[in-house]
Every structure is written in structure tokens, then in C-alpha cells.
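K.L.:
Everything below, folded, please.
(2 chains)
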Amino acid sequence: MSTRDLFTFSNRHFTIGVGVIAGILVVTGIAGFIVLPFAQPWVQFANVWDAICSAAGVPQRAANVTAPEQAKRLSEVVLTSRTLSRPSQEAIGRGATLAQRCAICHGPTGISRADSPNLAGQYAAVIYKELHDFRSGARTNAVMSPFAVNLTDEEIADLSNYYAYLPRLPAYHPTPQLPKPNIVIYGAPMRGIAPCGACHGSLDNKTGSPWLEGQSEAYLKVQLQAFAAGDRRNDISQQMRNIARAMTPQEIEAAAAYYASQPPDVVKAVD
Amino acid sequence: MLVNRKLILAHFWLAFAVFGVALTLGAWQMFIRSPIGTWLSNPELYYRSLTAHGTVMGYVFPTLVAMGFGYAISESALEQRLVGVRWAWTGFWLIVIGSVMAVIPIALGRASVLYTFYPPLIGNVFYYLGVVLVVVGSWIWVALMSINLRVWRKAHPGAPVPLAMYANVAGSYLWAWTAVGAALELLLQIIPVAAGLKNTIDAGLARIFFSWTLHAIVYFWLMPTYIAYYTIVPRAIGGRVYSDSMARISFILFLVVAMPIGMHHTFADPQVGAGFKFIHSAFTALVALPTLLTVFTICASVEIAARLRGGRGMFGWIRALPWDNPMMLALAFSFVMLGFGGAGGLINMSYQLDASIHNTQWITGHFHLIFGGAIVIMYFAIAYDLWPHLTGRELIDIRLIRTQLWLWFVGMIVTTFPWHWVGILGMPRRMAYFDFGDPAIAPQALSVTFSAIGGFILLTSGIMFIVILARGMRTPKVDAGPYRFAIAVHQSATVPVALNTHALWVALMIVLTITNYGYPILNLALGAGTSVPAVYVGAQ
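P.N.:
Numbering: from 1, shown residues only, chains lettered A, B, ... in the order given. Take a look at the predicted model:
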């Protein structure tokens, strides 16, 4: 009983085993790669080889047409896990110097009195992306765009790291803390709206999403309306536009009022 | 001849302890998703729990049962002391360490990626390393099963390998090869990204690697169950195995065709060619064959027992069966669940039919019915049957055992049938909550409520199972005698070499893996531009 007796065509089990398996493989191969592709009248193949390649999943070369120019610029920010990792003290210091020109709107401590976003303690990735988008024109604002347009890559990274470094302070929105509205904790599943809190804090925070606690109510509302109207379009894959479009005006009000009433120190310390 | 009882008991106890924890999590998940629970305000907790439930139930629990049962088979079927006991303990401890290592990041919410990993989602590296350790620990068992059989063969040249051991080794080889897919995915793709060495991942390729593991792993879970069908049940109810060769052919068929079929999990994946999907679909259909052979052989074996007990007539013999015997009960329940689950499986493997239930609750219902139902109920039966031989004490709660098996059966049907139904209605799987107040899904609320109640019936049954085993550790000492397996009606003195060795079938398994997986893997591995940025769990 050695393997020599086993792997030989004089062994009935070997012959039948290998024969049947090979037979099934050939029959299913012909069916899957030749018969079935041609059985689809809505797909045209140049020849049998073309059908086989298609069924095997060989990447097809794209048709030789140029993509139409985008009327508006889209966000081109690339963020890797190393882009903003471990900033040096010097980088934060440079950011602090640069931030002096931001203070008029965003406040000397990163807390705004002018319904601009509070930046103190905001995630570095968020500030990094927005500054890049303002610079490239993917996001525009009459006040903000001129500030961003001449920033270098390094300056943007330094500013992001500086603001992320600042402590999260209570903002000037001394409204009582409101209870969580449904849109924030449950979203609206039947309209395809994920809970705001799943990305923006209160439940969880996801990469690239800002935390919103204590931000200006007016600012949050205007941004949601801009997303819904399509005036703001620097969100990746239309994530925010799709959500904002499906939100009712009451939900927009409720979400903005809720986040504005939250103290920023409840932001989940996961970073 | 069970010598290393402590080793086997350690495997079983650890398996059932983690099973109890994961079962509790499962029941909670059923509840919180149903209309009777309030919406979970933090869905992350749900996915955390789901990851723990899947990781334990998919990797740790069945692997430990297969290992413990495998050691028991090796010692009692071969009547030879286990060779490599120290290695066996090493494997056990690797699984303990791996499980702890994986569970900590899950509990901290750093690895809520589900047990199927789902790249480009990337969790904490220690979660994946923990899973790798569990797999490595089980590979030690694979090697030991092979070595023990080899030692036995040397001492018994030319003798037929006992069926239980033949099947056990077939199961271990199947696991060794099928685990390679997930191992490649973890070592080449996920762990480098989780460790921060890379920040992009080819999610499509990772899914193909995982499908390599994900379907055949089910047959690895199934192996102890099928071994119990063939070698424990007929003996326990006083019958004989109808055909030894049929049993061997069934296990061989599992070895050959369980492997090259995993792409029926990726029917909706655009990165796989339709031709390969068709081949995998056709081979999946073949996997029904060993199951049908088994159902036929076991029904025939059971009929032998019934006729020996005086059963008469075309169907009259069914009444003569020992229905108060827990083993008979477990077998009947297992077959009913296997029948329904198998029928559902035929729908899943059909390219067109799958489209209507892909990624719905139907799928979750299906694999709970097959694994949690048909397979796990036989794990209970194996434990009940082995326990007196491992502890040297009698299990006296026969009535409680029967109640436990009934509850598990009823609970599983109540859980999974509505699950299938809401799947057909389109309810997606992997959701933390549903808005049952919405008119569009309000009619599903009743089904989901039933399903959640089923979950609690299962939890009750699971607790009873652990209590029965724990109480079985305290009863007075008895001599259970040597542990024996069922013998065949015609126990032949010689077995053809092909049915007494595994080489030919392992070779066919590997060749079929290459033909059915080779091109799709190379196509993606060598193609440029197939990677996407990783999404880190909990990252900012």
C-alpha cells in the first residue's frame, strides 16, 4: 500500500476520482466561460477568446473617451495615516504664529464670537482638509478663501496641528443642553440618513468628520442648507449632500440647535 | 482508551465557556435589534458585540470542539496513547492566549470589524494577531492528528484505519488547507496595514482570500457532527453503520469539493469574473452529494437499529426507535435542521436566486440554522456521550438533557424561520437597529419579535447545557468502560488504499483550489490600481 499504488491509472479509485473531477471541471469551464457568456443576447463579444476573458474577469480597457470637464472643482485632499502624525513642538509653534491672522474670526483661543467655527481642539485632519479645499477652490467663502489661497502645504499642516493641540474650551453659546433629537442618535433609516452622531460625535467619530459640540447654531444650519442646495460640494462622494438633501428643515434646526448646546468637553477622547 | 482526559476536558470546557459568553451576546443582539428593545443609542456597541459573537462562535468554539473530539477519537479509535501531548497543550494555550489577545481590543471597541474582517475596515493589530494564534494553535492539532495516524499505521501495516480516525484526519486536513486563505489575507494584507506599515489595501483580493476560508470552514465545523452521525449515533441507539465505504466516500467528497466553492459568497462582487462564479456555483451543488449520501446511510443505519428492536413495516419501524435516548433525539433534530438549512443553502448557491436574498437576514438565518442548529446540537450530543468517559462520572439528568435538546431545537426554529422570512422581505443584515415605526417595515416587526424570543429560548437551553455538564462533574464515580465507536454491518478486513489514505484526495483538493482560485487571485494580486485607502476603526 504505497503511494505508488495509489497514484496510477491502474488504481480504479484514482482513475475515477481524477476523471470525474476533471470532467466536471471541463464541462463547467465550457459552460461558464463560453456557453453562458454567449447566452446573453445583450452582450456582444468579438470572438470566443473575448468571451473567455470577460468571464474570467480580465480588466477591460476603458473606452477611449475623455471624461467631461467638471464644472466645479472637487476636493483633492489625500490623507494618509502619516500626513499629520506626531507634529513637532516647532510645527505647533509655527502654526500658532500663522493662526494670529485667523484670530479675528475664529478667536484668539480658537473660540469664535462671530458664528465662525470654533477650531480649538478640532481634529487636525478636518482643518487640514478644509484649508486645502479653500485653497483649491473646492470650497469657497468670500471671507475665508483669500486667507487660504496663499498658504503652503506646510503652513496648512502646521495650522491644523496647532488648532488640534489647543484645549477644547466652552464656547459662547450658553444655552441649556438639549436632549438628543432622533436625527442625531437614530438618523432616519428609511430615508437613508445615518445618525449625525455616528460620525460627528455624541455616538462616535469617524475619520475626516469634525466634532460639532458647541459650534455656532447659525453656522451649522447654514452649512447644512448649503449642502442641501448643492452650494457647498467639497464632501467626499456627496456624503453630506445626500444626507442634507433628505433632511427636513425641522431636522436641520434640531440637529444644529442640539450640537450648539453641547459643551465641547464631551467630545469622545479617542484620538 | 482515553488517557489524556484532562487535555480533552480542558478543550471542551474552554469551548463551552466561551460558547456561553458568545451565546449571551447573541441573545442580547437579537433583543436590542427587535421591536421589544429600545433603539440602541450607540450602534458601535452592537458591532463590538457582533464581532465578539462571531469571532468566538466562528473561530474559537468549533475549533476547540473539533480539537478535543479529535484527541478523544485518536486515543479511543486507535487505542493508542496520544503522541505529542506537550504539543497538544501548547496548541491549547496558544488558543487561550490568542483568544484573550483578540477579545481585549474587541471589548475596547478597537476592532469592531466583525469576524469576517471586512477590509478596508482595519482594527487593532492585536485582534488579528490573536486570531492568527488561534489558527496556529489549531494547526498543531492538525499535525498531531496526522502524526498519530502515521504512528498507528507503522504499528498496524495494511490494516484499515478506523472510520472515526479516518474522518477526523480528513477534517483536520480540510481545516489546515482552508485556513490558509484567511492566513494569507491576514499576514499579507491586513496585518501590515493594521501595524502601520502600509495604508492601502486590496479589499477585493482580501475578500477572495477570505472566501477561500469562509465556505470550507463550515465543513470543518460540520466534521465532528458527521463523525458523530456515523460513529456514535448507531452505537448509542443499538444499531450498525449501514456502509463503512459510503461513510469514507462522504468524508472524501467533503475534502475534495468543500474547498473550491467559496466564491458563491462573492456573487455580488464585481472583481470576480462571472465564469469563475459559475464554476464555484456548480461545485457548490456537488457538496450536496456527500450530505445526501450521509442522510441515506444514517437513515439506513437507524432503520437497522429499529428493526433490531422489533420495528416492522414500511414506516412502522420509526416508532420502534429509542426516542427517549438523547442521541436519537439529537440526530432527528439535527437532520430536520440540516434539511431546511440545506434547502436554503441550495438557494444561496444559485447565482440567480442568490440575488434576491444576498446580504439579507436570510443569510444570517441560514447559517445559524445549519451551524447553530444542525451542527451545534450534535456538539451537545458528543459532549453528553463523551462526558462519562472523560469524568468517570455518570450524567444522571437524562430528562434535563432531553429538555435541553428540545429547547435548542425549538429555539433555533423559532429564531431562524422568521429570520429567513424577513430576509425574503428584504431586511438587510448587519444592522444595529431598525425603525419598526416606519410603515415600510412595520409588518416585519412581529417576525423579528418571534426571532428575538427564539434567541432567549436558545440562551436558556445553552445555560441548561452548561449546568448539566457541570453537575456531571460532581456525581458519584462510575466506570464507563472503554469508549467505543459504531461498527459497520459488513466490517471488512481490508479497505482499498484510496479509501484508507488521504493523499489522493488532498492532492485533488489542492489542484481544484489552484484551478478555481489561481487566476482570480493572480489577476488581482498582479493588477495595478486595485488597492484602496484603509479605514481605521476609531481613527480620527
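K.L.:
Show me the shaky parts of the chain.
P.N.:
Since you didn't name a chain, this refers to chain A. Flagging of chain A using pLDDT under 70 yields the residue ranges A:1-4, A:62-65, A:67-71, A:81, A:170-175, A:265-271.
K.L.:
wait, I meant chain B there
P.N.:
Confidence mapping of chain B against pLDDT under 70 gives the ranges B:539-540.
K.L.:
any idea what sits nearest the residue positioned nearest the centre of it, other than its immediate chain neighbours?
P.N.:
In chain B, the residue lying closest to the centroid (Cα atoms, centre = their mean) is residue B:221, at 2.5 Å. Closest residue to residue B:221 apart from its sequence neighbours, by Cβ to Cβ, 6 or more residues apart in numbering or on different chains: residue B:62 at 4.3 Å. Quick note: C-beta positions are derived from backbone N, CA and C, even for glycine.
K.L.:
can you tell me which helix or strand residue B:466 belongs to?
P.N.:
Following DSSP states H and E, the helix or strand that holds residue B:466 is helix B:445-471.
K.L.:
From the contact counts, what lies against that helix?
P.N.:
Contact here means 3 or more Cβ pairs under 8 Å, 6 or more residues apart in numbering or on different chains; DSSP states H and E; on that basis helix B:445-471 packs against helix B:5-33, helix B:376-391, helix B:398-424.
K.L.:
Determine which stretch of those helices is the most buried.
P.N.:
Among those, helix B:376-391 has the highest mean neighbour count (mean count of other Cβ atoms under 10 Å in any protein chain shown), at a mean of 23.
K.L.:
chain center to it: distance?
P.N.:
Here the centre of helix B:376-391 is set off from its chain's centre by 16 Å, with Cα atoms, centre = their mean, to the nearest Å.
K.L.:
who touches residue B:515 in this structure?
P.N.:
Contact partners of residue B:515, counting by Cβ atoms under 8 Å, 6 or more residues apart in numbering or on different chains, are A:25, B:260.
K.L.:
and after the helix or strand containing it, which helix or strand comes next?
P.N.:
Under DSSP H and E, the secondary-structure element containing residue B:515 is helix B:503-526. With elements assigned by DSSP H and E, the helix or strand that comes after helix B:503-526 is strand B:532-533.
K.L.:
So what touches that next one?
P.N.:
The list of residues contacting strand B:532-533 from outside it, by Cβ under 8 Å, 6+ apart, reads A:80, B:120, B:199-203.
K.L.:
List only buried entries from the residues you listed.
P.N.:
Buried positions within those, assessed by neighbour count (16 or more other Cβ atoms under 10 Å in any protein chain shown), are B:120, B:199, B:201-203.
K.L.:
Go back to those residues and keep what's next to chain A.
P.N.:
When the buried ones among the contacts of strand B:532-533 are filtered against chain A using Cβ under 8 Å from any Cβ of the partner chain, the residues retained are residue B:199.
K.L.:
With distance to residue A:167 and secondary structure added, can I get the buried ones among the contacts of strand B:532-533 in a markdown table?
P.N.:
Shown next, in a markdown table, are those (distance: Cβ to Cβ, whole Å; DSSP: H, G, I helix; E, B strand; the rest coil):
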| residue | distance to residue A:167 | secondary structure |
| --- | --- | --- |
| B:120 | 33 | coil |
| B:199 | 29 | coil |
| B:201 | 35 | strand |
| B:202 | 41 | coil |
| B:203 | 38 | helix |
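K.L.:
Now flag whichever of the buried ones among the contacts of strand B:532-533 is closest to chain A.
P.N.:
Nearest to chain A out of the buried ones among the contacts of strand B:532-533 is residue B:199 (Cβ to the nearest Cβ; 4.8 Å).
K.L.:
so the closest one sits right up against residue B:534, yeah?
P.N.:
Yes - under the criterion of Cβ atoms under 8 Å, residue B:199 is in contact with residue B:534, at a separation of 5.5 Å.
K.L.:
Go ahead and list the helix or strand containing residue B:492.
P.N.:
Assessed by DSSP H and E, residue B:492 sits outside every helix and strand.
K.L.:
doesn't residue B:163 make contact with it?
P.N.:
No - judged on Cβ under 8 Å, residue B:492 makes no contact with residue B:163 at a distance of 11.6 Å.
K.L.:
wait, what's in contact with the residue positioned nearest the centre of chain A?
P.N.:
Note on chain A: the residue nearest the mean C-alpha position is residue A:236, at 5.2 Å, using Cα atoms, centre = their mean. Residues touching residue A:236, when contacts are defined by Cβ under 8 Å, 6+ apart, comprise A:75, A:208.
K.L.:
how close does it get to residue A:207?
P.N.:
11 Å (Cβ to Cβ, to the nearest Å).
K.L.:
how about the helix holding residue B:466: buried residues?
P.N.:
With burial defined by 16+ other Cβ under 10 Å, the residues of helix B:445-471 counted as buried are B:445, B:447-462, B:464-466, B:468-469.
K.L.:
now the helices for the stretch 151-271 of chain A?
P.N.:
Chain-ordered helices for the stretch 151-271 of chain A, with DSSP state H, counting those that start in this stretch as the definition, fall at A:153-165, A:182-185, A:197-200, A:217-229, A:239-246, A:249-261.
K.L.:
Let me have these in a markdown table, adding distance to residue B:116 as columns.
P.N.:
What follows is these, written out as a markdown table (distance: least, Cβ to Cβ, whole Å):
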| stretch | distance to residue B:116 |
| --- | --- |
| helix A:153-165 | 34 |
| helix A:182-185 | 27 |
| helix A:197-200 | 21 |
| helix A:217-229 | 33 |
| helix A:239-246 | 24 |
| helix A:249-261 | 33 |
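K.L.:
doesn't residue B:259 make contact with residue B:280?
P.N.:
No - with contact defined as Cβ under 8 Å, residue B:280 does not reach residue B:259; the gap is 10.5 Å.
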